[in-house]
Every structure is written in structure tokens, then in C-alpha cells.
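*Asks:* Model the following, please.
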Amino acid sequence: MESRIRVLQLVWRFNTGGAERMVVNFHNHFKNSDKVEIRTLSFTPSKQDLYEEELKEDETVFFINRFWGDRFPGILSKILRRIFYKNFRKKWLIKQISDFSPDIIHIHLANLAAEMYGVCKKLPANIKVIYHLHSMPEAIDPKRRKVIKKAVQEKVYHPLCVTELQRSSAVKYYGILPETPIIYNGIDQAPFLLTDMTQEQTSALKKELGIKEDAFVIGCVGRVTAIKNHSLLAKAAEILAEKRPVALLIIGACDQNLASKITANIKNAKVVFTGVRNDTNRLYRIMDVFALASFHESSSIVTVEAQLSGIPCVIASSISDEVIVSNGVEKISPYADPNQWARAIELAEGKRVILKDCDRFSFISSMDTLYDIYTKVKGLDI
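*Replies:* Below is the predicted model of the structure:
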């Protein structure tokens, strides 16, 4: 029997971003596979993040140890981190590579790929490294982009993209080949297609979140960062709230400073920050319209989830058409006037969503594609 391909996955931590969701999905799919032997590394000590719940008591998931310098008080700890912590992480990776002897190292996210380039370029030729792009290259810090471009040009990293839009950007910024493989962020579609909530259940969920029963609910899912442009949605919600009760429902991790900025000029609309949730399939069901105004998005699987849930969508023109799997999506520039967004959101209300092309985001199809990529990369004579 042919031996399994040994894959070492690297990620910063198991918080609630789209990339982290994919890492957990990949790990859980392959951990009992007869084709792939997988080990996943978190470069952050366990923080009891939401996705860690799915990996409890999994002996093939490893968390980096607490940094020894953190035992010291105050400013001394910060100084020691600044001087020694990057090297601490690199030594840990080298130890894990030595223990596991992978055929492939699968790195997720640009910051980790840039930091570990020095380790990866010294690996023996039989260990191949896949760099899995999750963000648009133009959204990455220029210094990190420079390192990643060098790693790609030297063929230290074999890039893997999530959409054609992202790939075209990576051709420009990293010099990757136009035929670089794409693996769509496949998901289990059943929870979004099949969740069935009664009127009483939706009313109870709205009440739990402090949303009025008759409110027009604009929903947005994803980590709250400046690049997501939530302030534009807040302004659009405020415009719509001049006519009727409106709630802007924002689902995802968010610090209080950003939350305060988003709500600073809101008087009439209600803004609800749910924080991290594991029941987004239910939360989609109380939305009237899903909206996403990001300046950059490589894929936006949440837009797919919203459509599968039957919710009409208004999204930024910066988002790839590849995530449009229905007739229910309208696109507007993320730099457009809030009145344009308000009008588009208003017009989307009540639109019947008819699905098409959903197979593109089939989880099993994505896993089959990923295994094929592992096989090809392992066999490269580079």
C-alpha cells in the first residue's frame, strides 16, 4: 500500500477568520484519511478560541508553548519578546519539522509565510512548501509582500489561490504563474440550505439580540477591521432609519475602539455587535438583506453562505464574481456614497433568491482538488 502524504499545516491561531475556518476543515477532513497524514500547528498558545472546540483532545494539533520571556514582569517581558520571540517561534517550527518529517508544509496567511521564509528556504529539497493565499496581495504589508515574492520567485513556496480574482492580483504582486492552481473555499452547505426556523424562533432570536420585531435587519458577517468598511454600512443604515426601524447586525470579533467609531454618528439605527458566534446559519435567517462593503476580499465565503440561506445580498464591487451563486446579488463600489448603498439595500429587500453554480463551493470537491495538489507538489523535482 502506498504511504500517506505527510502534511504539516501552519496557522497563527484558531480564531474565527475564513482562513482559520479552512484550516480546521482541512484538518478534520484529513485526520482519518488513508491518503494524507496531517499535523496542524498553531503559532499562538491555546486561547480557547471558538474553532478550538472542534479540535479538543486531538493529538495531531499542536500549540506553541508559552514564551519563556512572559514570566518576567512588565516592560522586561515586552523587551524580551521583541528581541527573542520570532526566533523562539522559528525554533519551535524546526523542532516540529524534525519530529514529523513532512512531505509538504502547508502555510496559511501572509504574515506567517513571510516570517517563516528563512526556515523554509533551508529545508531539504524533498520537503515542499505550499503558501496558501487567503487575502488579496494588495491588502498585505509591502514588506511582507516583498518576502513572499522572493520566496515564490526562488520556488521555495508553491502558491495556491482561492479565486481567479486573487490569482490575477498575485500574478501582478508576486509574479506567480497564470496557471497557479485555485482551490475554492468549499463548505458544508447543508446548515445554510436546511435551517428552518419558525416565526416564534426568529422572534425569540431578535429579542435575544435586542432587535425590534418590526426592524429592517441588515446583516454583515466577518471580523470587524478597517478593511471591511463597516462604517459605510452604518451610514447607509442611518439613512434608511429615517423612514423605519433599522438594525445593523454585525457578527464577528470586534474591539471596542472600532465598535465605537462605527456607531459614533448613528442616532436612529440600532447597531448590534454579536461578537463571535457558532450559529451564523440561524442569524442569517433574521436578516432581510446581507451587506458587505469591504475594500478587499479574496473570496468572501460569507456571501455564499448568505445566498444559500436565501438572503439577498448587496456587496462591494471589489469582491469576486466567483462568489455569486444566485440571482440575488447586487454590487456597488466600496467608495460609493452611503445613499447609493442605502438605496441598493432597500431595493434588495424581499427579492427571491434563486441558486445556481453552488457546486463550485462543494467541500468534498475542494478536498479532492487539494489532495490532487498535494500529490502533484510532492512529485515535483525542484
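*Asks:* just for the stretch 201-350 of the chain, where's the confidence low?
*Replies:* Counting by pLDDT under 70, the stretch 201-350 of the chain contains no low-confidence residues.
*Asks:* hmm, try it at 90
*Replies:* Within the stretch 201-350 of the chain, the stretches with pLDDT under 90 are 222-226, 252-268, 275-278, 299.
*Asks:* Ok, the stretch 1-150 of the chain next?
*Replies:* Applying pLDDT under 90 to the stretch 1-150 of the chain picks out residues 1-3, 13-21, 32, 46-58, 73-74.
*Asks:* got the residue ranges for the helices in it?
*Replies:* Assigned by DSSP state H, counting those that start in this stretch, the helices in the stretch 1-150 of the chain fall at 18-30, 74-100, 110-115, 117-120, 142-153.
*Asks:* Figure out which of these is closest to residue 353.
*Replies:* Across these, residue 353 has its closest neighbour in helix 18-30 (21.4 Å, C-beta to C-beta). In this view, the C-beta of every residue, glycine as well, is placed from N, C-alpha and C.
*Asks:* Can you give the contact residues for that closest one?
*Replies:* 7, 9, 11, 13-14, 36-38, 40, 51, 54-55, 58, 60-61, 106, 108-109, 132, 134, 185-187, 222, 299-302, 363, 367, 370 (C-beta atoms under 8 Å, 6 or more residues apart in numbering).
*Asks:* Inside strands: which ones of those residues?
*Replies:* The strands, defined by DSSP state E, take in 7, 9, 11, 36, 37, 38, 40, 61, 106, 108, 132 from those.
*Asks:* Buried residues, stretch 159-167. List them.
*Replies:* 159, 160, 161, 162, 163, 165, 166, 167 (16 or more other C-beta atoms under 10 Å).
*Asks:* Then stretch 174-191?
*Replies:* Residues of stretch 174-191 classed as buried under the neighbour-count rule (16+ other C-beta under 10 Å) are 174, 176, 180, 181, 182, 183, 184, 185, 186, 187, 189, 191.
*Asks:* Just those: which are in helices?
*Replies:* Per DSSP state H, helices hold the following members of the buried residues of stretch 174-191: 174, 191.
*Asks:* how about residue 121, what does it touch?
*Replies:* So residue 121 contacts 151, 154, 156 (C-beta under 8 Å, 6+ apart).
*Asks:* any idea how far residue 243 lies from residue 216?
*Replies:* Between residue 243 and residue 216 the computed distance is 9 Å (C-beta to C-beta, to the nearest Å).
*Asks:* show me the contacts for the closest residue to residue 364 other than its chain neighbours.
*Replies:* Excluding the flanking residues, the one nearest residue 364 by C-beta to C-beta, 6 or more residues apart in numbering is residue 186, at 7.2 Å. Contacts for residue 186 (C-beta under 8 Å, 6+ apart) come out as 25, 361, 362, 363, 364, 365, 366, 367.
*Asks:* got a markdown table for the ones in strands among the contacts of helix 18-30, with distance to residue 314 and neighbour count too?
*Replies:* Output for the ones in strands among the contacts of helix 18-30, formatted as a markdown table (distance: C-beta to C-beta, whole Å; neighbours: other C-beta atoms under 10 Å):
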| residue | distance to residue 314 | neighbour count |
| --- | --- | --- |
| 7 | 39 | 26 |
| 9 | 35 | 25 |
| 11 | 31 | 26 |
| 36 | 39 | 21 |
| 37 | 44 | 18 |
| 38 | 38 | 24 |
| 40 | 36 | 25 |
| 61 | 38 | 21 |
| 106 | 35 | 25 |
| 108 | 29 | 23 |
| 132 | 29 | 26 |
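*Asks:* Name the residues that touch stretch 323-337?
*Replies:* 163, 229, 232, 293-295, 299-301, 303-304, 307-308, 311-319, 340-341, 344, 347-348, 351-358, 360-361.
*Asks:* taking these one by one, which sit in strands?
*Replies:* Using DSSP E, these in strands are 313, 314, 315, 316.
*Asks:* Okay, and the beta partners of the first one?
*Replies:* So the one you mean is residue 313. For residue 313, the beta-bridge partners under DSSP bridges are residue 290, residue 329.
*Asks:* tell me the contacts of it?
*Replies:* Each residue near residue 313 by C-beta under 8 Å, 6+ apart is listed here: 289, 290, 291, 292, 303, 306, 307, 328, 329, 330, 348.
*Asks:* what do you get for residue 137?
*Replies:* Contacts of residue 137 by C-beta under 8 Å, 6+ apart are 110, 145, 166, 169, 170, 172, 173, 174.
*Asks:* now residue 320
*Replies:* 163, 164, 165, 166, 297, 298, 299, 300.
*Asks:* burial measure for the fifth one, as a count.
*Replies:* Residue neighbour count, defined by other C-beta atoms under 10 Å, stands at 28 for residue 297.
*Asks:* what helix or strand does it sit in?
*Replies:* Using DSSP states H and E, residue 297 falls within no helix or strand.
*Asks:* Would you agree it is in contact with residue 316?
*Replies:* Yes: assessed by C-beta atoms under 8 Å, residue 297 is found in contact with residue 316 at 7.1 Å.
*Asks:* Which among the contacts of residue 121 count as buried?
*Replies:* Looks like the contacts of residue 121 have 151, 156 buried, using 16+ other C-beta under 10 Å.
*Asks:* closest to residue 270 among the contacts of residue 121?
*Replies:* Nearest to residue 270 among the contacts of residue 121: residue 151, at 46.5 Å, using C-beta to C-beta.
*Asks:* Please name the nearest non-neighbouring residue to the closest one.
*Replies:* Distances taken as C-beta to C-beta, 6+ apart put residue 157 closest to residue 151, at 4.2 Å, once the chain neighbours are dropped.
*Asks:* Residue 112 versus that neighbour, what's the distance?
*Replies:* For residue 157, the distance to residue 112 - C-beta to C-beta - is 12 Å.
*Asks:* These two - which one has more neighbours?
*Replies:* A direct count of neighbours by other C-beta under 10 Å for residue 157 and residue 112 places residue 157 higher, at 27 against 20.
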